[in-house]
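Chemist: Fold the following.
(2 chains)
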Amino acid sequence: MKKYSWKPIPFLLFTVLLLIWEGAVHALDIPMYVLPSPVQVGKALAEELSVLAGHAAVTVGEALAGMGISLVLAVLLGIVMDCFPLMRQGIYPVLVVTQTVPMIVMAPVLIIYMGFGVAPKILTVVLMCFFPVAVSFCDGLSQVDEEYVNLVRSCGAGRLKSYSLVKIPAAVPALISGLKVSATYSISGAVVGEWIGAQKGLGYYLLRVKNSYMLDRVFACVAVIILLSLCMNGLIGLCQYKAVPYMRNKR
Amino acid sequence: MKLRVKELTFSYENKMILDHVDFAVRGGEFVSLLGPSGSGKSTILKLLTGVLPCEKGTVMVDGAPVKGLSPHFAYMPQNDLLFPWKTILDNVCLYGRIHGSLKAMRREARASFPEFGLAGYEDCYPSQLSGGMRQRAAFLRTALCKADILLLDEPFGALDVITRGEMQDWLLGIHRKMNRTVVLVTHDMDEAVYLSDRILILNQSPARITDEIEIKERARDREWLYGQGDLRRKIYSLIMAGAGEVRESGRNVGAQ
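Modeler: Okay, the predicted model is just below:
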């Protein structure tokens, strides 16, 4: 059966939705403090661009730091859990439980422990991003074909070489899948941290404009958050392109 | 004798897979272990490489006993097991990477690429190569190991019949040039007859070597193989006699 595909379809659908939104705001005469129209959001975005850029830089910095820490911790923990099955048995359920704690509850607690600096924001990102990276990497390591390991062992490789030559490279695609998921969470994680208590960042800006009922700016900020999250996802895609060249032509 | 295997015995989950397997291989000889699927042929190779622990029996190379992982053996598995994340050149230089002699091995490998039909594919990834080329790359990786004895575990089993024939012709030619000691595991009777100096026939699990056939003809080609009706009939009846013993004793086929 022939499959129909047309690349512009998502953009077309998005444009149609924006037009319906714009039309509905005018037709129903909805005030801006209830729902701003896309044009009003666009205007607010243009007016506030420099302010938003300053706050975005802070949020992106926190998100990148959190992602970096998550990556290092996840790789280390993944290897430890793969080396020692008892550790995996013990740690894995704890990891799952940590994900059930709502981050909006954890963020204020972290501020009590760590103050109003960037540390609790970075830790919020780590708590949100670490789990998908660790789980996917750990699963990737455990699914490596044992025959590959036997092959390098038969060539005289020890345990360390088995990891560096086979297990870690073979688990990289799984690691990247986890990173893609957590990349989309990272900006939201930093925003949650800033929302609870901060002097700068998109979360702080969002709270300020929301309290002033400037909903056009709230929506403009949300658009920036969406864009940045997509950029983070794209960044991981770029890393995948560079680091895993053999997967370039695979879907 | 280059390799001598004495009373090799192995059990898995309380089921005996190998039962006192004895054989010897001369230096430069090409020996095939021929038996039905599930007879434990691959287990013999895994025990020789040390990937599986040897519970009973001895393995001797050049008269000295060998235990555990041994540098005397280079193993080529049934699947090519080329790393998809590495180029063909990096794949075939695996031994050099493990033992810190990558630069020298790269030079050696590049020089061997034309002979292995891989010239121009040094920087390609395995997914860009055909099945036959991948097997040749896997064989080059095995040949580049500084080992005395090459252990080939059904290397062409996953290939289509035409490519398999081409690969057999190629292996026969390259073995004459390399003159390395080879132990080939196969369930393909024609492959064993065509390539080997000697065929060791295994019966089904628990495996024992029941018969041995020496092939004296050195100037072999496809025409010669097609004329070996009597030899093939004899080997077939020996294999079937081994399989019949198993059916009569009511044993199940074990893991290979």
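
Chemist: Report the contact partners of the residue nearest to residue B:214 when sequence neighbours are not counted.
Modeler: Spatial nearest neighbour of residue B:214, excluding adjacent residues (CB to CB, 6 or more residues apart in numbering or on different chains): residue B:198 at 5.2 Å. The way it works is simple: take the backbone N, C-alpha and C, and place the C-beta from them, glycine included. Counting by CB atoms under 8 Å, 6 or more residues apart in numbering or on different chains, residue B:198 touches B:29-32, B:212-215.

Chemist: what do you get for residue A:134?
Modeler: By CB under 8 Å, 6+ apart, residue A:134 lies in contact with A:70, A:73-74, A:77-78, A:95, A:178.

Chemist: near chain B, from those residues?
Modeler: Contacts with chain B within those, as defined by CB under 8 Å from any CB of the partner chain: none are present.

Chemist: Out of the residues you listed, which end up buried?
Modeler: A:70, A:74, A:77-78, A:95, A:178 (16 or more other CB atoms under 10 Å in any protein chain shown).

Chemist: So what's the residue count around residue B:225?
Modeler: Neighbour count for residue B:225, taken as other CB atoms under 10 Å in any protein chain shown: 18.

Chemist: in which helix or strand would I find it?
Modeler: Using DSSP states H and E, residue B:225 falls within helix B:222-226.

Chemist: What is the least confident helix or strand in the chain?
Modeler: Went with chain A since none was named. Lowest mean confidence among the helices and strands of chain A (mean pLDDT, DSSP states H and E): helix A:103-114, at a mean of 85.

Chemist: right idea, wrong chain: chain B
Modeler: Sorted by mean pLDDT, DSSP H and E, the helices and strands of chain B end with helix B:229-249, the least confident at a mean of 73.

Chemist: Return the residues of chain A in contact with chain B.
Modeler: So far as CB under 8 Å from any CB goes, chain A lies against chain B at A:145, A:147-148, A:150-157, A:161, A:165-166, A:169-170, A:172, A:244-246, A:249-250.

Chemist: Could I get the full set of helices for the stretch 51-200 of chain A?
Modeler: Taking DSSP state H, counting those that start in this stretch to define them, one finds helices in the stretch 51-200 of chain A at A:85-98, A:103-114, A:119-142, A:146-154, A:159-162, A:168-196.

Chemist: one step back: pLDDT for the buried ones among the contacts of residue A:134 - can I get that in TSV?
Modeler: Below are those laid out as TSV (pLDDT from 0 to 100):
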residue	pLDDT
A:70	95
A:74	94
A:77	93
A:78	93
A:95	85
A:178	93
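
Chemist: Okay, now the unreliable bits of the stretch 1-150 of chain B?
Modeler: Applying pLDDT under 70 to the stretch 1-150 of chain B flags no residue at all.

Chemist: show me what contacts residue A:52?
Modeler: A:45, A:202, A:205, A:220-221, A:224.

Chemist: can you do 6 Å?
Modeler: Listed by CB atoms under 6 Å, 6 or more residues apart in numbering or on different chains, the contact set of residue A:52 reads residue A:224.

Chemist: Need the buried ones from the contacts of residue B:198 selected in PyMOL.
Modeler: Remark: buried members of these, expressed as a PyMOL selection using 16+ other CB under 10 Å:
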select buried, chain B and resi 29+30+31+32+213+215
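
Chemist: which one of the contacts of residue B:198 sits closest to chain A?
Modeler: Nearest to chain A among the contacts of residue B:198: residue B:31, at 18.9 Å, using CB to the nearest CB.

Chemist: can I assume that closest one sits in a strand?
Modeler: Yes. Secondary structure of residue B:31 (DSSP: H, G, I helix; E, B strand; the rest coil): part of a strand.

Chemist: Output the below-cut-off pLDDT ranges for the stretch 1-150 of chain A.
Modeler: Residues of the stretch 1-150 of chain A that meet the cut-off, pLDDT under 70, sit at A:1-3.

Chemist: In the stretch 151-256 of chain B, which residue sits closest to chain A?
Modeler: residue B:151 (8.6 Å).

Chemist: so where does that residue fall, helix or strand?
Modeler: Residue B:151 belongs to strand B:149-153, assigned by DSSP H and E.

Chemist: for that strand, packing partners?
Modeler: Judged by 3 or more CB pairs under 6 Å, 6 or more residues apart in numbering or on different chains; DSSP states H and E, the packing partners of strand B:149-153 are helix B:41-49, strand B:73-76, strand B:181-186.

Chemist: Present the ones you listed as JSON lines; the columns should include mean neighbour count and distance to residue B:55.
Modeler: Shown next, in JSON lines, are the helices and strands packed on strand B:149-153 (neighbours: other CB atoms under 10 Å in any protein chain shown; distance: least, CB to CB, whole Å):
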{"stretch": "helix B:41-49", "mean neighbour count": "24", "distance to residue B:55": "9"}
{"stretch": "strand B:73-76", "mean neighbour count": "26", "distance to residue B:55": "18"}
{"stretch": "strand B:181-186", "mean neighbour count": "25", "distance to residue B:55": "20"}
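
Chemist: With distance to residue B:137 added, can I get the ones you listed in JSON lines?
Modeler: Formatted as JSON lines, the helices and strands packed on strand B:149-153 follow (distance: least, CB to CB, whole Å):
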{"stretch": "helix B:41-49", "distance to residue B:137": "20"}
{"stretch": "strand B:73-76", "distance to residue B:137": "11"}
{"stretch": "strand B:181-186", "distance to residue B:137": "18"}
